[in-house]
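Peer 1: pasted the sequence and its predicted model underneath.
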Amino acid sequence: AVVLVHGEVANGVHLDLPALLAFKSSNPNATALATWSGPNPCSGSWFGIKCNKGRVAGVFLDGASLSGAVAPLLRLSQLRALAVRNNSLSGALPPLADATSPRLRHLLVARNQLSGGLNVSLGALLTLRAERNGFSGGLGALRVPTVRSFNVSGNKLAGEISGELARFPSSAFGGNLALCGRPLPRCVRAYSALGDSSADTNVTIAAQSPSAGAAPNASASASLSNGKFSKVSLTALMATGIGNAVLITVSLSISVAMFLYMKRKLRSAKAPSLFFDEEDDGNKRRTTTTTNRDDGNKCPAAKSSGGLVCFEGGEALRLESLLKASAEVLGKGASGSTYKAVLEDGAVVVAVKRLSALRFPAGRGKAFDRHMRVVGRVRHRNVLGLRAYCNSNGERLLVYDFLPGGSLQAALQAHGGGVRSLDWAARKSVLFGAAQGLNYIHTFPARPALVHGNVKPSNILLDERGAACVSECGVMRYATNVQHSILPQAAAAAGLFLDLSASGSTGGWHGYAAPELAATTRATQESDVYGFGMVLLEVVTGCRKAGEEGEEEEDDETMGWVKIGMLCTAEAPEERPRMAQVLSMMSELM
Ligand SMILES: Nc1ncnc2c1ncn2[C@@H]1O[C@H](COP(=O)(O)OP(=O)(O)OP(=O)(O)O)[C@@H](O)[C@H]1O
């Protein structure tokens, strides 16, 4: 039954429905919007939609193959966060002001094809990411005094950078048609070269700089339209420009050389190659791990029952009893189904993951065993311990502790899209615990280094005390070679972990894969950090702190968390922090 609370409805229609349907109709082919149906966008089943108090507060559609106009989404009057990066959205960004978008705090429209002017005047905006679009005009209509994360690089903007925007680094403005002024090279006033002080003829000219990124004479052609130049003044201008260009080119060359040197040094310090390729590349190189490779003990019954390999805490498990146990389906994911199995008259309860949806190419059986023997040694309070696994006759089972607290996914979807079942302190603690677990996985002494490969809310489980436990370490990492065959085609192409099979019971949003995974199937520690950043943003910006009314206070406190989320979800993998750095940033906010 559909339940709409009175305050969210006008004339029987949810207040946010018209804007969302207008957006959907301008994207008729977007598979990511397939779940956008029904009268209540806050039912929990609309992909990428997060609600607060029954109204749409967040739209998260990064890399979702969208191509229509973004404007309808900005008609959502209670919107706090809009993330539609990495699509092909076109058209103009409508003028945004405190009166029309009073709650908007995070606007992420980078890497689209948006055009027109940047007319944004929002007194409380915290994030404005508009890089790599086709925005034009000046920055004069941009009034965002509280913005902390800002980037308008790679557009067609021109004119002087002034006021509070000058506090951002040059990388936030680079690659535009003709921007100038701090932090970019200073602007040259046409009137001073012309000796004409009339205000009407004051024309700002960007000094030539690599960061302007346009053709050498683009700034002049963009700005000098009054045709009053004398030969002398043009020479003076060119001299200034050339002087600046030489200076900037020299300093840029030094920076590039240093960057390349540091990058090479860092590369050489990294692990040599990836685990599973080592078997497949024909050289049969032996993968090194730090401890005895044979430490996955055969369970006592394994010999007769076909091969259950047990690890610490799973020594008593028997394959026969597992197969005979009463089982309850916990859910079905992209890699297979998970069951709760009750053994020995209720004395032992485990979760068994059956990797039925994964197809491994022939010859990878041993690699799977080696990998699981490494994963089976990972023991940390925030990582779900693998107690045993079975790999025989084409059947692959993973046996874990059963955690009674459910998943973060379930908590996120409680009460129509909020995280109200977890108070603010609990949310912080879940995020911190998950970060500790991931950091442990990333620093676990194994070569090559371990990668989780599938960080998302349904893989962050809660124990009986509500502590976070990262589950399924390394399973999808192993299977990413067949990622496209196990994910719905369109979602895989868009780089989304859109688990449609589970959406009926638990809602469609399961976190995001990093953008680079759209082009490669190989998960990395950097893509884990991206996944964690998306989870963090989801938890922090999903709704306000339970029990608190003051939005301004919330903004102050959540701002630091959002900033960490932004860092983790940087487009370029090499710009993302390591989990250890994420942890240390988080610990300052705990
Ligand atoms: N050890 C466990 N204890 C309790 N619940 C679990 C356990 N492992 C998984 N679950 C729950 O079972 C459900 C299904 O999990 P499963 O891992 O099969 O799917 P998934 O995480 O959505 O997808 P994927 O296959 O991509 O990992 C999820 O809701 C998850 O929270």
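Peer 2: Nice, thanks for sending it over. Being a predicted model, the structure only gives us computed values, none of them experimental.

Peer 1: make it CA atoms for all contacts and neighbour counts henceforth
Peer 2: Fine.

Peer 1: give the contact list for the closest residue to Leu93 other than its chain neighbours.
Peer 2: Of all residues not flanking Leu93 in the chain, Ala71 sits nearest, at 6.0 Å (CA to CA, 6 or more residues apart in numbering). By CA atoms under 8 Å, 6 or more residues apart in numbering, the contact set of Ala71 is Phe23, Gly91, Ala92, Leu93, Pro94.

Peer 1: burial check on the first one, number of neighbours?
Peer 2: Per other CA atoms under 10 Å, the neighbour tally for Phe23 reads 20.

Peer 1: which SS state does it fall under?
Peer 2: Under DSSP: H, G, I helix; E, B strand; the rest coil, the three-state class of Phe23 is helix.

Peer 1: pull up the pairing partners for the host helix or strand of Cys51, direction included.
Peer 2: Per DSSP states H and E: Cys51 is located in strand 49-52. According to DSSP bridges, strand 49-52 has the following sheet partners: strand 55-60 (antiparallel).

Peer 1: from Leu386, how far off is Val375?
Peer 2: 7 Å (CA to CA, to the nearest Å).

Peer 1: now swap in Val144 and tell me
Peer 2: 49 Å.

Peer 1: what do you get for Lys353?
Peer 2: 10 Å.

Peer 1: the two: who's more crowded?
Peer 2: Leu386 (27 against 24).

Peer 1: close to the ligand: what parts of this protein are there?
Peer 2: 330-338, 351, 400-404, 406-407, 458-459 (CA under 6 Å from any ligand atom).

Peer 1: list the residues that contact both of Lys353 and Leu386?
Peer 2: With CA under 8 Å, 6+ apart as the test, Lys353 and Leu386 both reach Leu398, Val399, Tyr400.

Peer 1: in a strand, the last one, correct?
Peer 2: Meaning Tyr400. Yes - using three-state DSSP, the assignment for Tyr400 is a strand.

Peer 1: what's the local residue count around it?
Peer 2: Tyr400, neighbours per other CA under 10 Å, totals 23.

Peer 1: verify the stated contact: it with Val349.
Peer 2: No - assessed by CA atoms under 8 Å, Tyr400 is found out of contact with Val349, at 9.3 Å.

Peer 1: show me the shaky parts of the chain.
Peer 2: For the chain, applying pLDDT under 70 flags the ranges 1-7, 188-306, 344-345, 359-365, 414-421, 477-512, 519-521, 542-557.

Peer 1: cutoff 50 now
Peer 2: 1-3, 6, 190-237, 239-240, 263, 265-297, 300-306, 415-420, 480-511, 543-550 (pLDDT under 50).

Peer 1: closest point of it to the ligand, which residue?
Peer 2: In the chain, the residue that lies nearest the ligand is Gly333 (3.2 Å; CA to the nearest ligand atom).

Peer 1: got the phi and psi for that residue?
Peer 2: Torsion angles at Gly333 (phi, psi; degrees, to the nearest 10) stand at phi -120, psi -170.

Peer 1: look up how far Ser356 lies from it.
Peer 2: In terms of CA to CA, Gly333 sits 10 Å off from Ser356.

Peer 1: tell me, how many residues neighbour Gln581?
Peer 2: Applying other CA under 10 Å, I find that Gln581 has 13 neighbouring residues.

Peer 1: report the buried residues of the helix or strand that it is a member of.
Peer 2: For Gln581, the host element (DSSP H and E) is helix 579-587. Buried residues in helix 579-587, defined by neighbour count with 16 or more other CA atoms under 10 Å: Met579, Ala580, Val582, Leu583, Met585, Met586.

Peer 1: helix, strand or coil for Gly405?
Peer 2: Gly405 ends up coil, using three-state DSSP.

Peer 1: shouldn't it be in contact with Leu461?
Peer 2: Yes - contact criterion CA under 8 Å: Gly405 and Leu461 qualify, at 6.9 Å.

Peer 1: by contact count, what packs against the helix holding Gln581?
Peer 2: Other helices and strands packing on helix 579-587, by 3 or more CA pairs under 8 Å, 6 or more residues apart in numbering; DSSP states H and E, are helix 424-443, helix 551-568.

Peer 1: what's in contact with that helix?
Peer 2: Residues contacting helix 579-587 (CA under 8 Å, 6+ apart): Phe432, Ala435, Gln436, Leu438, Asn439, His442, Val529, Trp561, Ile564, Cys568.

Peer 1: can I get the residues you listed in CSV including neighbour count?
Peer 2: Shown next, in CSV, are those (neighbours: other CA atoms under 10 Å):
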residue, neighbour count
Phe432, 22
Ala435, 26
Gln436, 23
Leu438, 30
Asn439, 20
His442, 20
Val529, 29
Trp561, 22
Ile564, 20
Cys568, 28
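
Peer 1: quick check, nearest of those to Ser101?
Peer 2: Proximity of the contacts of helix 579-587 to Ser101 was ranked by CA to CA; the top entry is Trp561 with 22.2 Å.

Peer 1: residues in contact with the closest one?
Peer 2: Trp561 sits in contact with Leu536, Leu537, Val540, Met586, Leu589, where contact means CA under 8 Å, 6+ apart.

Peer 1: what about 10 Å?
Peer 2: Contacts for Trp561 (CA atoms under 10 Å, 6 or more residues apart in numbering) come out as Lys428, Gly533, Leu536, Leu537, Val539, Val540, Thr541, Asp555, Leu567, Met585, Met586, Leu589.

Peer 1: from what I see, the fourth one and Thr569 are in contact.
Peer 2: Looking back up the chat, that one is Leu537. Yes - taking CA atoms under 10 Å as the definition, Leu537 is a contact partner of Thr569 at 9.3 Å.

Peer 1: name the residue in those two with the higher neighbour count.
Peer 2: Thr569 (27 against 22).

Peer 1: grab the nearest non-local neighbour of the more buried one.
Peer 2: Counting by CA to CA, 6+ apart, the residue nearest Thr569 is Tyr530, at 4.7 Å.

Peer 1: and the one you found, how many neighbours does it have?
Peer 2: Around Tyr530 there are 29 residues (other CA under 10 Å).

Peer 1: same thing with Val383?
Peer 2: Neighbours around Val383, by other CA under 10 Å: 23.

Peer 1: let me see the contact set for it.
Peer 2: 433-434, 436-438, 440-441, 460-461, 468-473.

Peer 1: just the buried subset of the residues of the chain next to the ligand, please.
Peer 2: For these, a burial check counting by 16+ other CA under 10 Å picks out 332-338, 351, 400-403, 406-407, 458-459.

Peer 1: excluding its backbone neighbours, what's nearest Thr35?
Peer 2: Trp46 (5.2 Å).

Peer 1: relative to Gln413, how far out is the one you found?
Peer 2: For Trp46, the distance to Gln413 - CA to CA - is 11 Å.

Peer 1: now do Leu15
Peer 2: 21 Å.

Peer 1: please identify the buried residues of stretch 8-17?
Peer 2: Buried-residue list, stretch 8-17, by 16+ other CA under 10 Å: Glu8, Val9, His14, Leu15, Asp16, Leu17.

Peer 1: can you give the contact residues for that stretch?
Peer 2: Outside stretch 8-17, the residues that reach it (CA under 10 Å, 6+ apart) are 4-7, 23, 36-42, 53-57, 73, 75-79.
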